[in-house]
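K.L.:
Below are the sequence and a predicted model; questions follow.
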Amino acid sequence: MVSKTLVATSVTAATLAEFKAEISEAILGGADVVEFRLDFLQDFNAERDLGDLLNSCEIPRIVTYRPQWEGGMYSGDDDFRLGVLKKAAELGAEYIDVELRAADSFFKESYKLPEGTKLILSSHDFESTPPVASLKRTVQAMWERGADVAKVATTATDISHSADVLSLLNGARGPTIALAMGERGVVTRLLAPKFGGFLTFAALEGRPSAPGQPTLGELQGLYRAGSQRSDTRVFGIVGNPVSHSRSPVLHNTAMEAVGFNGVYVPLLVDDMAKFLEAFSLPDFAGFSVTIPHKEAALALADWADPVASSIGAANTLVRQEGGGLSAFNTDWEAAITAIEGALGGPGSLEGKTVVVLGAGGAGKAIAFGAAERGANVIVANRNLERAEQLVKSVPGAQAVSLEQVSAGEVCGDVIANTTSVGMHPMEDATPVTQEAISKYSVAFDAIYTPLETRMLREARHAGCTVVGGIEMFVGQAVKQFELFTNSKATPDVVQLMREVVLNSLQ
């Protein structure tokens with residue numbers, strides 16, 4: 001187990017000049033190691049260029065010359081390729097990366113590496129993640145073949161594969177790099193420092209060398225790779241999709257500001273039950289839950305707050321001391337507070353009519369909250385049956401179709417959109433017509449990307465008071481932060497969270 005996980009940046013430029021420029025960029029960006037991907041270079045002449053390239057880098061270097069049969073760009077003679085790697089070692093490269101499948105060829109004629117160079121033996125699977133037992137056999141074969149560092153990279157087709165890959169670092173015999181490629185594998189890259197990985201990769205902006213690589217700035221800054229420890233607690237945003245979410249920047253900034261030993265990561269989840277089973281270690285201490293898993297989160301929790309049970313959806317899961325999960329809903333209070341602020345303050349919803357668009361988790365939360373505050377609630381959904389099912393649990397509520405609202409057949413004081421219509425990348429869409437919106441005094445949209453949706457823009461033009469999703473998002477996140485950290489968020493922290501989200505959306 002290493003005391004500090006190294007952050008490596010791969011240089012993949014096509015020309016020598018660009019290659020050197022990227023080396024400098026990686027060093028300035030804070031990389032600990034630079035990986036030389038020689039297979040990306042065009043017109044590369046090892047005799048002429050290799051020494052010059054190595055001399056242009058003042059921090060440790062990994063030299064890689066990846067063949068096409070292992071996912072690289074090199075298509076020439078393999079003996080020549082391995083000879084270039086040996087030359088790199090003779091020229092003082094700190095590490096060379098040799099594919100496990102090529103190890104026998106590399107070591108023929110009893111070849112020995114120079115004393116100052118360490119051997120990374122690697123294996124890459126660009127289609128799947130084999131079972132853990134198979135992965136362990138691969139790593140064992142690397143040790144037996146003389147690896148100084150073992151590297152396994154798989155492809156995660158489900159986020160549970162990331163848990164399998166991270167398990168390779170537990171009790172590893174020696175320095176190990178274990179990564180899963182793709183968006184469902186991002187967590188293996190972000191949490192490598194916590195789990196004791198020898199090294200993790202981060203890309204220069206816009207230049208990843210493998211699917212799912214975070215940027216150098218993200219890994220070093222937002223996810224604080226340098227300060228993660230084995231006792232760092234892990235939190236995350238669970239949903240599908242999650243790439244648009246500003247939750248990581250909000251929670252990581254707040255945790256760092258108060259000195260809390262935690263890190264918050266994006267978790268692209270297809271199957272909630274499978275995810276919770278795979279990530280059941282106590283250090284996975286809490287999750288924010290978004291579309292489409294809020295109902296499943298409530299159903300799978302070991303204990304639920306009565307409000308979450310009444311709503312029928314949870315947007316927050318917190319790990320109990322015994323290992324179980326508690327479910328909460330912080331959406332409803334945040335949304336209702338924002339809407340009441342537009343109407344005149346606490347208590348202003350009493351007697352008003354609130355039309356809620358959408359019958360998912362957020363729709364349930366707002367319908368419940370509005371009814372709790374004395375409002376008359378109408379739930380509209382494209383699938384009328386879902387709306388009818390929802391209103392059964394909200395006293396006095398009515399169900400209508402979305403078409404009825406859009407046609408102006410239904411009206412009220414507040415219209416609240418909780419559907420995804422209008423969210424990036426569908427900014428030109430709107431759930432109802434401008435003519436229908438003009439019948440309301442307040443328009444609320446739970447979407448916060450973009451800051452102003454088409455619905456809100458048209459509502460503003462129609463003379464409505466508009467409330468953006470940013471208010472609900474920050475409000476619910478503050479409550480989550482307090483549950484995650486078991487501490488009260490100060491006004492300064494709340495303001496910081498708001499500013500961070502707004503800045504990230506500009």
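P.N.:
Great, that's in hand.
K.L.:
Secondary structure element holding the nearest residue to residue 93 once chain neighbours are set aside?
P.N.:
The shortest distance from residue 93 to any non-neighbouring residue, by C-beta to C-beta, 6 or more residues apart in numbering, is to residue 63 (4.6 Å). (Glycine included, C-beta is placed from N, CA and C.) Applying DSSP states H and E as the criterion places residue 63 in strand 61-64.
K.L.:
if we can go back for a sec, isn't the residue nearest to residue 93 right next to residue 90, touching?
P.N.:
No: contact between residue 63 and residue 90 fails when scored by C-beta atoms under 8 Å: they sit 11.1 Å apart.
K.L.:
more crowded one of those two?
P.N.:
residue 63 (26 against 13; other C-beta atoms under 10 Å).
K.L.:
partner residues bridging the more buried one?
P.N.:
residue 36, residue 96 (DSSP bridges).
K.L.:
what about the residue lying farthest from the centre of the chain, distance to residue 83?
P.N.:
Distance from the centre of the chain peaks at residue 109, with 46.7 Å (C-alpha atoms, centre = their mean). To residue 83, residue 109 is 12 Å away according to C-beta to C-beta, to the nearest Å.
K.L.:
just to revisit the earlier point, got the CA coordinates for the strand holding residue 63 in CSV?
P.N.:
Only the C-alpha atoms of strand 61-64 are listed here, as CSV (Å, rounded to 0.1, in the frame of the first residue of the first chain):
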residue,chain,number,x,y,z
ARG,A,61,7.9,9.4,-16.6
ILE,A,62,5.9,6.3,-17.7
VAL,A,63,6.7,5.2,-21.2
THR,A,64,3.9,3.4,-23.0
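K.L.:
Check which helices and strands that strand is in contact with.
P.N.:
strand 33-37, helix 78-90, strand 95-99 (3 or more C-beta pairs under 8 Å, 6 or more residues apart in numbering; DSSP states H and E).
K.L.:
Residue 288 is nearest to which of these?
P.N.:
Counting by C-beta to C-beta, residue 288 lies closest to strand 33-37 out of these; the figure is 33.0 Å.
K.L.:
CA atoms of that closest one as CSV?
P.N.:
Presented in CSV, the C-alpha positions along strand 33-37 are these (Å, rounded to 0.1, in the frame of the first residue of the first chain):
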residue,chain,number,x,y,z
VAL,A,33,3.8,11.5,-13.3
VAL,A,34,3.6,12.0,-17.0
GLU,A,35,2.7,9.0,-19.2
PHE,A,36,4.3,9.2,-22.7
ARG,A,37,1.9,7.6,-25.1
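K.L.:
what mean pLDDT would you report for that strand?
P.N.:
Throughout strand 33-37, pLDDT has a mean value of 99.
K.L.:
Can you give me the domain boundaries for this structure?
P.N.:
Domain ranges of the chain: 6-229, 239-329+490-496, 332-467, per automatic domain parsing.
K.L.:
May I see those arranged in a markdown table, with distance to residue 477 as well?
P.N.:
Formatted as a markdown table, these follow (distance: least, C-beta to C-beta, whole Å):
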| stretch | distance to residue 477 |
| --- | --- |
| domain 6-229 | 16 |
| domain 239-329+490-496 | 5 |
| domain 332-467 | 8 |
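K.L.:
Which one of those domains lies nearest to residue 475?
P.N.:
If we rank these by C-beta to C-beta, the stretch that ends up nearest is domain 332-467, at 2.9 Å.
K.L.:
what about the closest one, start to end distance?
P.N.:
15 Å (C-alpha to C-alpha, to the nearest Å).
K.L.:
what's the answer for stretch 34-46, then?
P.N.:
Span of stretch 34-46 from end to end, C-alpha to C-alpha: 18 Å.
K.L.:
tell me which residues in it are buried?
P.N.:
Residues 34, 35, 36, 37, 38, 39, 40, 41, 44, 46 are the ones in stretch 34-46 that count as buried (16 or more other C-beta atoms under 10 Å).
K.L.:
who touches that stretch?
P.N.:
The contact list for stretch 34-46, computed with C-beta atoms under 8 Å, 6 or more residues apart in numbering, reads 8-16, 19, 23, 26-27, 49-50, 53-54, 57, 59-67, 72-74, 83-84, 87-88, 93, 97, 201, 209.
K.L.:
Tell me the pLDDT of the residue lying closest to residue 413 once chain neighbours are set aside.
P.N.:
The shortest distance from residue 413 to any non-neighbouring residue, by C-beta to C-beta, 6+ apart, is to residue 352 (4.2 Å). If you check residue 352, the pLDDT there is 98.
K.L.:
ok, residue 352 touching residue 415?
P.N.:
No: using C-beta under 8 Å, residue 352 is not in contact with residue 415, being 11.4 Å away.
K.L.:
more crowded one of these two?
P.N.:
residue 415 (29 against 20).
K.L.:
Looks to me like that one is in a strand.
P.N.:
Yes: counting by DSSP: H, G, I helix; E, B strand; the rest coil, residue 415 falls inside a strand.
K.L.:
May I have the beta-bridge partners of it?
P.N.:
The partner residues for residue 415, given DSSP bridges, come to residue 355, residue 443.
K.L.:
Could I get the contacting residues of it?
P.N.:
Each residue near residue 415 by C-beta under 8 Å, 6+ apart is listed here: 354, 355, 357, 405, 432, 437, 440, 442, 443, 444, 459.
K.L.:
need the buried residues of stretch 34-46 in JSON lines with distance to residue 316, can you?
P.N.:
Formatted as JSON lines, these follow (distance: C-beta to C-beta, whole Å):
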{"residue": "34", "distance to residue 316": "41"}
{"residue": "35", "distance to residue 316": "39"}
{"residue": "36", "distance to residue 316": "45"}
{"residue": "37", "distance to residue 316": "42"}
{"residue": "38", "distance to residue 316": "48"}
{"residue": "39", "distance to residue 316": "46"}
{"residue": "40", "distance to residue 316": "44"}
{"residue": "41", "distance to residue 316": "49"}
{"residue": "44", "distance to residue 316": "52"}
{"residue": "46", "distance to residue 316": "56"}
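K.L.:
I appreciate the help and will end here.
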